[in-house]
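Engineer: For reference, the sequence and a predicted model appear below.
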Amino acid sequence: MKKLTLLIVFVLGITAVYGQDFLTKSKVAGSFEVNTQYYMADEGIGITDSTLNNKYLGINGFGKVQYTLGNFTAGIRFESFQTPLSGFRPELEGSGIANYFATYDDGIIGITVGDIYDQFGSGLIFRTYEEWSLGFDNSLRGLRAIYRPCEGVTLKGVYGKQRYYWASYSKDETRGIIRGFDGEWDLNQSIKSLNNSKFKIGVGGSFVSNYQSAASNDPMYNIPENVAATAGRINMGYGRFSFSTEYAYKMNNPSAINKLIYKNGEALLTSLAYSQKGLGVVLQLKRVDNMSFKSDYTATENDLDINFIPPINYTHTHSLPAMYSYSTQPNGEMGIQFQVNYLIPKKTLLGGKYGTKLAFNYSQVNDIVRDSINYKGNMVINKKGTLGYSSPFFGISDKVFYRDINFEIDKRINKKWSIIVQYINLIYDIETIEGHKDAPTVKADIAFLDLTYKINTKNSIRLELQHLWDCIGTSYKVEEGSEKDFIKRGNWLSALLEYSIAPKWFVSIADKYNYGNPVADYRDHYVTASVGFIKDATRITVSGGRQSEGMVCVGGVCRVVPASSGVSLTITTSF
Amino acid sequence: MKKLLATLLFGFLFFGLSAQNSDLPNITLKNLDGESVIIAEINNEGKPFVMTFWATWCGPCVKEHNALTEVYDDWVEETGVKIFSVSIDDARSTAKIKPFVDGKGWPFEILLDVNKDLARAMNVSNPPHTFLFNGEGKIVWQHTGYLDGGEEDLYQEILKISK
């Protein structure tokens, strides 16, 4: 009560002193989203009342409000999962205030208390973020201080404990305490003679430690309580060329993910790009070796990640190629990505009236090489409690996790018609990425066509056709008992028809048909229909039908969406 | 913890009052040249400007940008509007944005919101999400999603405030 009185006095005081300013300069903004689904039994895809287990309704929702007054911002986010939609972690079930913060930032000094989202460099040793579509939130509850002593220099420190679903932040909780520091120096901004130089350079370095006192209680192994990681980065540019690289190193960190080996971890991410109007080329390389970094060494899946290992491959969003989205392998991968975007200029033979956009992409991710090591006179590999393996830095294993070669043409033909075509050639190691044991690797070709016809300025019709050819045909002999590993395998055909009235309405109907599945029971149609309404910042979508099993991936972090049947309603709005 | 929060909150309230009066949050992002851009200082010399959030993996966003590119010269000529395009791609794509944008011939001023700080501050849930600001930096219109022809609606709004 005393506090409340104090608060009222304080607010009145400010209002009196600043009067009108206080009222006109305060800003309140917020957003709201709710995703609900009503699930129905559908024996055709193996969903019965007993598998639904009385969970007919799933609701994920959040509402957030933010208050700003000049350099000061405070926000709060309420979340509710009653019960979580299928495919989301059951630990999410519950409601409450999941996030709150207050920030003051005047451009020189910035202080945040509460739940913090931030990242150092590309995130190789520290990144906290929230991804609603994955049910992922690894925010850090604690303190962040930012200091910018002069133009181009940023120093940052963070301290706190990560969110773990609805678990409390009390000191009895065994997850670790994270401390991090990052410094960044943009030489062009801080050195006068370089201000307008064609040569650009910036450097940065960071250090993160996780202290988990409970780690030492492991009955079998001597687990380090402190795990530290450090990273350095450099960005350079000259004219049309740019180059950036970041290297990260992590101390020994036996964990559930690396199966309790004591090897150090390291990661390297490098990009080289050339860019001019109408042409962009980028080459990226990466190496990841034992780089899972979590604030609880027993955590699995995507729980309590402190760092983020950016995947570099192309992100497919069309429904068929997106079934086989790559998810980062933190225990080790070598990746390459090469992409060219080219615009054939307007008013040329191939460019036509509007120009033609071409894109070529090549991505490949292989395993790293792992050699056995000598442990007490025996050669061992990946043995718990040892250094695990040795790995030559530039060694590339023959094992391909993922490869994607694709080519796209995006062309407006005339005022009425525009067309996008894409051809994709995929290799996807479904055994490693999804854990379907002994399932043969997916080798697939996919053709995609998107045709839009503009009836007039507001009305359009869009047709999307996709076909996927899987290397295993209908005659592939599936061993009895392993049918489940062949869900979504074989050839697919997909079609979508959408009618839209800009900027408010759209209606669409789609079918995905797994006609070539080697298991006859899985040759199913997945028909869905949707209606959407958009007004300003509000969007309402209703859809109904069957959803095939698939993966939702954002930034290489994936969530498996089980097959389902039913009606869903999504509302998003912001104010 | 709670006390600390309360103290800071009150303290900041006082300091906060001296700042400017637009709807742009006080956040610093990088542009494609790696330079820091203070969002709160963005303006178009008293003329309206558009801020649109997109990502390389977002099909409708790419369509919207292609459509805006086609009409941009005319819009600039007629209204003096300027478009700021904020990529919310994460670190995986930072190096790819410039070649991507150039390869598509987009003429907008691109900003990189690598950890979605600006998107969060402006309550952007899903891209594309487009804001129209008047000359004083106040949001006068916003729209989420893109349907073919949607840019026409935006243009009507721009015309309303640029006389």
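Structural biologist: Ah, there it is. This structure is a prediction, so every number in the text was calculated from the model and none was measured.

Engineer: now the end-to-end length of stretch B:141-151.
Structural biologist: 13 Å (CA to CA, to the nearest Å).

Engineer: need the helices for the stretch 101-250 of chain A, in chain order.
Structural biologist: A:187-190 (DSSP state H, counting those that start in this stretch).

Engineer: tally of neighbours for the closest residue to A:Ala231 other than its chain neighbours?
Structural biologist: By the measure of CB to CB, 6 or more residues apart in numbering or on different chains, the closest residue to A:Ala231 outside its immediate chain neighbours is A:Ala248, 3.8 Å from it. Placement of C-beta: from N, CA and C, glycine included. A count of neighbours around A:Ala248, defined by other CB atoms under 10 Å in any protein chain shown, yields 28.

Engineer: What are the neighbouring residues in contact with A:Ala248?
Structural biologist: By CB atoms under 8 Å, 6 or more residues apart in numbering or on different chains, A:Ala248 lies in contact with A:Leu124, A:Ile125, A:Ala229, A:Thr230, A:Ala231, A:Gly265, A:Glu266, A:Ala267, A:Leu268, A:Met291, A:Asn307.

Engineer: one more time with 6 Å, if that's ok
Structural biologist: Listed by CB atoms under 6 Å, 6 or more residues apart in numbering or on different chains, the contact set of A:Ala248 reads A:Leu124, A:Ile125, A:Ala231, A:Ala267.

Engineer: Number of residues surrounding the third one?
Structural biologist: Counted with other CB under 10 Å, residues neighbouring A:Ala231 total 26.

Engineer: List the contacts of it.
Structural biologist: A:Gly121, A:Leu124, A:Ile125, A:Ser206, A:Glu246, A:Ala248.

Engineer: same thing but 7 Å
Structural biologist: Contacts for A:Ala231 (CB atoms under 7 Å, 6 or more residues apart in numbering or on different chains) come out as A:Phe120, A:Gly121, A:Leu124, A:Ile125, A:Gly205, A:Ser206, A:Glu246, A:Tyr247, A:Ala248.

Engineer: Save the residues you listed as JSON lines, and put in distance to A:Leu497 and pLDDT too.
Structural biologist: Shown next, in JSON lines, are those (distance: CB to CB, whole Å; pLDDT from 0 to 100):
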{"residue": "A:Phe120", "distance to A:Leu497": "46", "pLDDT": "95"}
{"residue": "A:Gly121", "distance to A:Leu497": "44", "pLDDT": "93"}
{"residue": "A:Leu124", "distance to A:Leu497": "43", "pLDDT": "96"}
{"residue": "A:Ile125", "distance to A:Leu497": "47", "pLDDT": "97"}
{"residue": "A:Gly205", "distance to A:Leu497": "53", "pLDDT": "98"}
{"residue": "A:Ser206", "distance to A:Leu497": "49", "pLDDT": "98"}
{"residue": "A:Glu246", "distance to A:Leu497": "45", "pLDDT": "96"}
{"residue": "A:Tyr247", "distance to A:Leu497": "49", "pLDDT": "98"}
{"residue": "A:Ala248", "distance to A:Leu497": "47", "pLDDT": "98"}
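
Engineer: Can you tell me which of those residues is nearest chain B?
Structural biologist: Distance to chain B across the contacts of A:Ala231 (CB to the nearest CB) is lowest for A:Gly121, with 7.6 Å.

Engineer: Let me see the contact set for the closest one.
Structural biologist: Under the criterion of CB under 7 Å, 6+ apart, the contact partners of A:Gly121 comprise A:Gly204, A:Ser206, A:Ala231, A:Arg233, A:Glu246.

Engineer: Go through the helix or strand where A:Val34 lies and flag the buried ones.
Structural biologist: Using DSSP states H and E, A:Val34 sits in strand A:26-39. By neighbour count on 16 or more other CB atoms under 10 Å in any protein chain shown, the buried set for strand A:26-39 is A:Lys27, A:Ala29, A:Gly30, A:Ser31, A:Phe32, A:Glu33, A:Asn35, A:Thr36, A:Gln37, A:Tyr39.

Engineer: need those residues in TSV with pLDDT and distance to chain B, can you?
Structural biologist: Compiled in TSV, the buried residues of strand A:26-39 are given as follows (pLDDT from 0 to 100; distance: CB to the nearest CB, whole Å):
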residue	pLDDT	distance to chain B
A:Lys27	86	7
A:Ala29	90	6
A:Gly30	93	6
A:Ser31	94	4
A:Phe32	93	9
A:Glu33	94	6
A:Asn35	94	11
A:Thr36	96	16
A:Gln37	94	17
A:Tyr39	94	23
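
Engineer: Contact residues of the stretch 351-500 of chain A facing chain B?
Structural biologist: With the criterion set to CB under 7 Å from any CB of the partner chain, the stretch 351-500 of chain A comes near chain B through A:Tyr354, A:Gly355, A:Lys357, A:Ala359, A:Thr452, A:Lys454, A:Thr457, A:Lys458, A:Ser460, A:Ser500.

Engineer: For the third one, which non-adjacent residue is closest in space?
Structural biologist: So the one you mean is A:Lys357. Using CB to CB, 6+ apart and skipping residues adjacent in sequence, the residue nearest A:Lys357 is A:Asp410, 4.1 Å away.

Engineer: where do the strands sit along chain B?
Structural biologist: All strands of chain B, identified by DSSP state E, fall at B:28-31, B:36-38, B:49-54, B:82-87, B:109-112, B:129-133, B:139-144.

Engineer: So for stretch A:294-302, what gets flagged as buried?
Structural biologist: Judged by neighbour count (16+ other CB under 10 Å), stretch A:294-302 contains these buried residues: A:Lys294, A:Ser295, A:Asp296, A:Tyr297, A:Thr298, A:Ala299, A:Asn302.

Engineer: ok, that stretch near chain B or not?
Structural biologist: No. Contact of stretch A:294-302 with chain B (CB under 7 Å from any CB) is absent, the minimum separation being 14.3 Å.

Engineer: Return the distance of that stretch from the chain's centre.
Structural biologist: In this view, stretch A:294-302 has its centroid 17 Å away from the chain centroid, taken as CA atoms, centre = their mean, to the nearest Å.
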